[in-house]
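Using only what follows, build the 3D model:
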Amino acid sequence: MTVESPPLSPRPYHPLDISAPDFWTADFATRDRTFGQLRAADGLSWHPPVSSVFPHSEAGYWAVTRHADVKYVSQHTDVFSSALGMSVDPLPAEIQQATSFFLAMDPPEHTLYRRLISATFTPKQVRRIEAQIQANAADIVDRLIERLRDGDEIDFVTECSAKLPMRTVSDMIGIAPQDQQAVAYAAESLFSATDDDYASFEERATHALTQIGILTSSGIELAQLRRREPHDDLMTNIVNAEVDGHQLTDVQIGSFMVLLASAGNDTTKQTTSHAFKALADNPDQKAWLTADFDVRIAQAVEEFIRWATPVLNFARHATVDTELAGTQIKAGEKVALFYCSANRDDAVFDRPGEFDITRSPNPHFGFGGGGPHFCLGANLARTELRQLFHQLLTRLPEVQVGEPEYLHSNVIHGVKRLPVKLV
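Residues are numbered from 1 along each chain as shown. Model (predicted):
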């Protein structure tokens, strides 16, 4: 497949190339040293577009790396729009709309659709299913212990991290057990396509469209089924939800399914893996947490999320000529919000490169930078992490945790494999 050259840049690119594939195959600490240089410099830095298999006309993007600047952009949707897409990578608008749904909208349109979804995705709904989350977490750890007692080294990601988020989403929305694995894999591989384990460079466009098709079709079919056969689940609530005379169409529900399967599945999965490894590397903190788990877990979960920062970045586009951090930005130019950098900003976090579950306050951007796009599933993710780590820390025998194999991605901070075995 031929990749078209980007148009001429209106200005020189920064010498630190954070768009290069090699940058994103480096480890997190190495990347953050580069982001640290960008945070310390005045203004914003201009970078070449990420390589794309899709034709595009992007000349580059502004890297927003400081906590304060990410927060400002996130909260000023009138100046920094989501409507042209959320991806730092150059992607066609129709693909971004199919994968992001109301994330790729601005108020008031975004407000309407968020209200339609949030009317059925409330803290009360999370509390209603918390007992099921707890039961699922216990069952997952039961099976994990059985596998470990067989004596072989196992992959913690496959046997534990990946299981609870998908079960939770499936229970909430009503995905049939026989369809759960296919939906989980489609969500995972859609946002992991820059890793050669999922697709070669030449295959990435076809691969992405295939996974979107699987997830969209699953959502549409389930919506149609629930209209005929209502259940006590999220999908039934969604197809019946109405705000100001508006209801979601089947196509919109299909797009929401892509968003829910990925945001509700892969992100919590990655946080679980990163946090489990971090606790193994910091036994003193693990001991502090287990000494008074019920009181301390809420604080610990915030550090789990900051440390993992499962979503590395999102993008916006300037709607007017504006200024940020002393840098002039032209209308239409893309700005990339690097949450992974903001969550290591030493202007906000003391010793940001250290894992510290006693950290307080902890104004991380693991759920976005605030504003109207703050993650709708934040309470659900916290509940899953709290319940799963209660099972892991109170019931799992002592294990030896090996070195993670990381996902090669500039979107998801992912752990592909994490070997564990009984001590």
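
Residue 391 against residue 138, yeah?
Yes - the criterion here is C-beta atoms under 8 Å, and residue 391 meets it with residue 138 at 5.6 Å. All C-beta spots, glycine's among them, are computed from the backbone N, C-alpha and C.

Have a look at these two and say which one is more surrounded.
residue 391 (21 against 15; other C-beta atoms under 10 Å).

residue ranges of the strands in this protein, please?
45-47, 61-64, 80-81, 154-155, 313-318, 322-324, 327-329, 334-338, 399-401, 405-406, 415-417, 419-422 (DSSP state E).

Need the ones you listed in CSV (columns: mean neighbour count, mean pLDDT and distance to residue 259).
Compiled in CSV, these are given as follows (neighbours: other C-beta atoms under 10 Å; pLDDT from 0 to 100; distance: least, C-beta to C-beta, whole Å):
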stretch, mean neighbour count, mean pLDDT, distance to residue 259
strand 45-47, 20, 98, 27
strand 61-64, 27, 98, 23
strand 80-81, 22, 94, 18
strand 154-155, 19, 96, 27
strand 313-318, 23, 95, 13
strand 322-324, 16, 98, 27
strand 327-329, 16, 98, 28
strand 334-338, 25, 98, 18
strand 399-401, 15, 96, 32
strand 405-406, 17, 96, 24
strand 415-417, 20, 95, 22
strand 419-422, 17, 96, 31
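
got the ones you listed as CSV, with distance to residue 181 columns?
Compiled in CSV, the strands of the chain are given as follows (distance: least, C-beta to C-beta, whole Å):
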stretch, distance to residue 181
strand 45-47, 38
strand 61-64, 36
strand 80-81, 37
strand 154-155, 16
strand 313-318, 28
strand 322-324, 44
strand 327-329, 44
strand 334-338, 33
strand 399-401, 25
strand 405-406, 21
strand 415-417, 17
strand 419-422, 22
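
Might you list the low-confidence residue ranges for the protein?
Residue ranges of the chain with pLDDT under 70: 1-7, 97-102, 119-122, 191-205.

The lengthiest helix in it - contacts with which helices or strands?
Longest helix in the chain, counting residues (DSSP state H): helix 123-149. Packed against helix 123-149 by the contact rule (3 or more C-beta pairs under 8 Å, 6 or more residues apart in numbering; DSSP states H and E) you find strand 154-155, helix 163-173, helix 378-395, strand 419-422.

angle of it against helix 163-173?
Orientation check (axes from the mean of the first three to the mean of the last three C-alpha atoms, to 10 degrees): helix 123-149 against helix 163-173 gives 140 degrees.

Compute the inter-axis angle for helix 123-149 and helix 378-395.
30 degrees.

How far off centre is helix 123-149?
Mean C-alpha position of helix 123-149 versus that of the full chain (C-alpha atoms, centre = their mean, to the nearest Å) differs by 21 Å.

buried sites along stretch 351-362?
352, 355-357, 359, 362 (16 or more other C-beta atoms under 10 Å).

With distance to residue 26 as new columns, can those residues be given to me in CSV?
Shown next, in CSV, are the buried residues of stretch 351-362 (distance: C-beta to C-beta, whole Å):
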residue, distance to residue 26
352, 18
355, 19
356, 24
357, 26
359, 25
362, 26
